[in-house]
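Student: sequence unknown, structure follows:
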């Protein structure tokens, strides 16, 4: 089935692993913390470093794309074959803040190998996972004797992901022509575990709002007026309580409109994963699973939309008591969305629902922030099958399927470019993203290189996207 | 019906009004702000001043009662008649903070008469209303030719009411023997309006609690875990929503146990008051009346128990959004109680109800603060009838009945001393308690003196309390 000899890829990787790891360590030494203005120059240095390395890798076009914030790096390497798919790899070169005193066992910006792990901020999120593509494409060329990749390859490595990607959407919109692709490969996620390689098929979207309820013009005395005027804190609580029905389903009329339901096959695939609820609860630091009736925990976090309270506030919150009816109250809600749900429709539904719920004498204001759309690639999509096959060859075993409960800028790529999003990540839950002692498993990192090396040939061979 | 010649009382008051107002002004000049430690010496000075004045008035026993906080003043003047009732007058000599720059038109501690009003902090709350009893008892003696009051008169004027009376309960318990009385007269309230003299027949009680719900051990990511674990902010909202049923009745099982319902006569009396809902809403700074079905606004604030949210809090409350499931959430609740409700029973009922409501995986902690009992004196109580008659003579017209929605330390006197509480206040809503330009209407202040002058004779004549 495959044209790329696996042994040739492995030999090439083995020969170049030391240089590859040395290069990655050099990059990890640059503290490209996008959230901290003091590191702005480091973020620029990180972009420059990566651009130089991509040039060295062989990309004929490498550009630094400035934004009003931190720069992104764009690279392009056309295939010789005009009918081959064009693939855009997405990742980011900025990292979360980190300091030794947060609980690190070594300097977060001085990479160190202990056992079979490389410890550094960004080792897994996301420099390691961006970087495996550089050796991957070289191995692909070396093993196949090609001078250009089998697909037309583009890379967009942004510099603000850890700051919420504030300029990403407009960057993608402005450069949509340069970024045009038949598929987007996101290498900023992970897999189930060391023993269970998986491909993620979708991410939930996100709509967020703040609802403010106003009652009396100022806090008033609960003795003089209690029991006789509407209390906005009570009203906000009743509003939140009305969010879910007794089956923990979201009770906003129209909320589930268009939801792409899980197929039986997907439910079976989720159920095949070695999920242990007790250890999952340990990770969730929670004491019970609770969610929409009729669904498993994995279905709830990956494939079902939610309404969660992120914050609630009103009246007196200090020590002791204060006998007031508060003047106002607010709640911050976030809705995770799944394929088929439109943020604009959700906003309309929430506004109509809230207007129905709020009692007379209470004024209601609702602000929605920018939304992120959900993305989902069907199991039988040829590009998804290529990713699974490439990963199966690298891991020499079966590949299973997951989804991602969170939301990310990948959805903007899907929407603006009109291309399916595929996830190729080799990180595992123990890698400590955003935490002290972030690391990457060296074996898995090299499996990422290998998967990347197989992927381009498999895609070119098995997929001719319809224009 | 009356033994005291009204004209004699009026003549006496007219003859002494200038000296009375001068004395009151001297007292009002002492900034006895109990909440501000810098004024601790002033509060002591206020107690000393009052003690000296009560001596001068004729009370044979006058004592300063120290507390761990500010001192109270106690005075006693036995009647010659061993079968006469013993009456304890309650008030306070401390005042709310006040500063010219808060919006006063004159120095709050430099009393000034403008028109027929005396402006100063404490003019109505509560020095003016305590002080009318001094001229009242002198007028009573002068008009009846007695050398001791017709009832055995006791005064307890505390110094910490504006600071929440933290030591009042224990003071009353320790001195219960000295304070023993057949009735308590509270002069720290008001009447309906200048044109509508009223007697208050009861006050609501108060139970307060903070309920804290704990979910995940720390805030967790709403993308990774949203929809699959219980959210304590959602749970607190559902708990609060379950506080009331669709008729705005408190839905806690057992909450209404023992509630003394309004009689038809009381409802009629409330309905006779010139209540204007629009102007009441203006005072409440609210846009709608809302409360227990089947009751008017006055019934709701005076005679019905309530559950109000004073504060609610959980998760992220800053600007923008934060996609978390919060680790915890809390609500501060206050319950206004009416006659027949026991705070201990309410606490038990709330704990049992909350335990039922809180979902699996959420830990619940509840703290109750000190409670205040409700008090209510039946309309046909002889002592209440005496107060109404004395007021009717002073105001030369009908007296109507109200209740008070707030809660106060008077309830401690009722409970510890086992005596009914009667309210004799001449303040009106426009007097500006706790606000800039606090004032007392001079005409009403002198009506208070006159009521006090009639009351003791009426009580002695018409009431022989059963021991």
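Tutor: Nice, I can see it. From a predicted model like this one, the values you see are computed outputs, not experimental measurements.
Student: Name the helix or strand for the residue with the largest distance to the centre of chain A, please.
Tutor: Residue distances from the centre of chain A (Cα atoms, centre = their mean) peak at residue A:224, which lies 51.6 Å from the mean C-alpha position. Secondary structure from DSSP states H and E places residue A:224 in helix A:222-225.
Student: buried sites along that helix?
Tutor: A:222-225 (16 or more other Cβ atoms under 10 Å in any protein chain shown). Just so you know, the C-beta spots here come from the backbone N, C-alpha and C atoms, and that holds for glycine as well.
Student: who's in contact with it?
Tutor: In this structure, residues lying in contact with helix A:222-225 by Cβ atoms under 8 Å, 6 or more residues apart in numbering or on different chains are A:216, A:323-325, B:204, B:206, B:284, B:286, B:301, B:306, B:308, B:310, B:334, B:336, B:404-407.
Student: For beta bridges, what are the partners of residue A:439?
Tutor: Beta-bridge pairing for residue A:439 (DSSP bridges): residue A:119.
Student: Determine the number of other residues adjacent to it.
Tutor: By other Cβ atoms under 10 Å in any protein chain shown, the residues close to residue A:439 number 23.
Student: and the spatially most central residue of chain A, how far is that from residue A:79?
Tutor: Nearest residue to the geometric centre of chain A (Cα atoms, centre = their mean): residue A:408, 4.1 Å. Distance of residue A:408 to residue A:79, computed by Cβ to Cβ, to the nearest Å: 27 Å.
Student: nearest residue to the closest residue to chain B within the stretch 201-350 of chain A other than its sequence neighbours?
Tutor: Across the stretch 201-350 of chain A, no residue is closer to chain B than residue A:288, which sits at 2.5 Å (Cβ to the nearest Cβ). The shortest distance from residue A:288 to any non-neighbouring residue, by Cβ to Cβ, 6 or more residues apart in numbering or on different chains, is to residue B:361 (2.5 Å).
Student: Name the SS class of that neighbour, please.
Tutor: Using DSSP: H, G, I helix; E, B strand; the rest coil, the three-state assignment for residue B:361 comes out as coil.
Student: so it makes contact with residue B:230?
Tutor: Yes. The criterion here is Cβ atoms under 8 Å, and residue B:361 meets it with residue B:230 at 4.6 Å.
Student: quick one: common contacting residues for these two?
Tutor: A shared contact of residue B:361 and residue B:230, defined by Cβ under 8 Å, 6+ apart, is any residue touching both; here these are A:286, A:288, A:290, B:215.
Student: Please work out how many residues are found near the first one.
Tutor: Looking back up the chat, that one is residue A:286. For residue A:286, the count of nearby residues is 23 (other Cβ under 10 Å).
Student: which element is it on?
Tutor: No secondary structure element spans residue A:286, as it lies outside all helices and strands (assigned by DSSP H and E).
Student: check contacts around it.
Tutor: B:215-217, B:220, B:225, B:229-230, B:361.
Student: Same question for the second one.
Tutor: By Cβ under 8 Å, 6+ apart, the residues touching residue A:288 are A:281, B:229-230, B:359-362.
Student: on that earlier part again, and of the shared contacts of residue B:361 and residue B:230, the nearest to residue B:388?
Tutor: Distance to residue B:388 across those (Cβ to Cβ) is lowest for residue B:215, with 55.3 Å.
Student: How about that closest one: what's its closest non-neighbour residue?
Tutor: Looking at residue B:215 with Cβ to Cβ, 6+ apart, the closest residue is residue B:232, at 3.7 Å.
Student: Tell me the confidence at the one you found?
Tutor: pLDDT recorded at residue B:232 is 98.
Student: For burial, what's the neighbour tally of it?
Tutor: By the measure other Cβ under 10 Å, the count of residues near residue B:232 is 30.
Student: And the helices in chain A, which stretches?
Tutor: Shown for chain A, the helices assigned by DSSP state H span residues A:6-28, A:40-57, A:127-144, A:168-174, A:176-179, A:222-225, A:232-241, A:264-272, A:277-283, A:297-303, A:343-357, A:382-395, A:410-417, A:442-462.
Student: now the angle between helix A:6-28 and the last one, please.
Tutor: Okay, so that is helix A:442-462. Here helix A:442-462 runs at an angle of 120 degrees relative to helix A:6-28 (axes from the mean of the first three to the mean of the last three Cα atoms, to 10 degrees).
Student: Give me the angle between helix A:442-462 and helix A:127-144.
Tutor: Using the same axes, to 10 degrees, the inter-axis angle of helix A:442-462 relative to helix A:127-144 is 50 degrees.
Student: quick revisit: tell me the one of the shared contacts of residue B:361 and residue B:230 nearest residue B:18?
Tutor: Comparing these against residue B:18 with Cβ to Cβ places residue B:215 closest, at 67.7 Å.
Student: circling back to that earlier point, could the helices of chain A be laid out in JSON lines, adding distance to residue B:98?
Tutor: Listed next are these as JSON lines, based on distance: least, Cβ to Cβ, whole Å:
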{"stretch": "helix A:6-28", "distance to residue B:98": "64"}
{"stretch": "helix A:40-57", "distance to residue B:98": "52"}
{"stretch": "helix A:127-144", "distance to residue B:98": "63"}
{"stretch": "helix A:168-174", "distance to residue B:98": "55"}
{"stretch": "helix A:176-179", "distance to residue B:98": "66"}
{"stretch": "helix A:222-225", "distance to residue B:98": "20"}
{"stretch": "helix A:232-241", "distance to residue B:98": "30"}
{"stretch": "helix A:264-272", "distance to residue B:98": "67"}
{"stretch": "helix A:277-283", "distance to residue B:98": "56"}
{"stretch": "helix A:297-303", "distance to residue B:98": "57"}
{"stretch": "helix A:343-357", "distance to residue B:98": "42"}
{"stretch": "helix A:382-395", "distance to residue B:98": "73"}
{"stretch": "helix A:410-417", "distance to residue B:98": "58"}
{"stretch": "helix A:442-462", "distance to residue B:98": "71"}
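Student: about what we covered before: neighbour-wise, which one of the contacts of residue A:286 leads?
Tutor: Using other Cβ under 10 Å as the neighbour definition, these reach their maximum at residue B:215, which records 31 neighbours.
Student: any idea how far that residue lies from residue B:358?
Tutor: According to Cβ to Cβ, residue B:215 and residue B:358 sit 10 Å apart.
Student: Spell out which residues are contacts of both of the two.
Tutor: By Cβ under 8 Å, 6+ apart, residue B:215 and residue B:358 have these common neighbours: residue B:235.
Student: Highest average neighbour count across the helices of chain A: which stretch is it?
Tutor: The highest average neighbour count among the helices of chain A, using mean count of other Cβ atoms under 10 Å in any protein chain shown, belongs to helix A:232-241 at a mean of 27.
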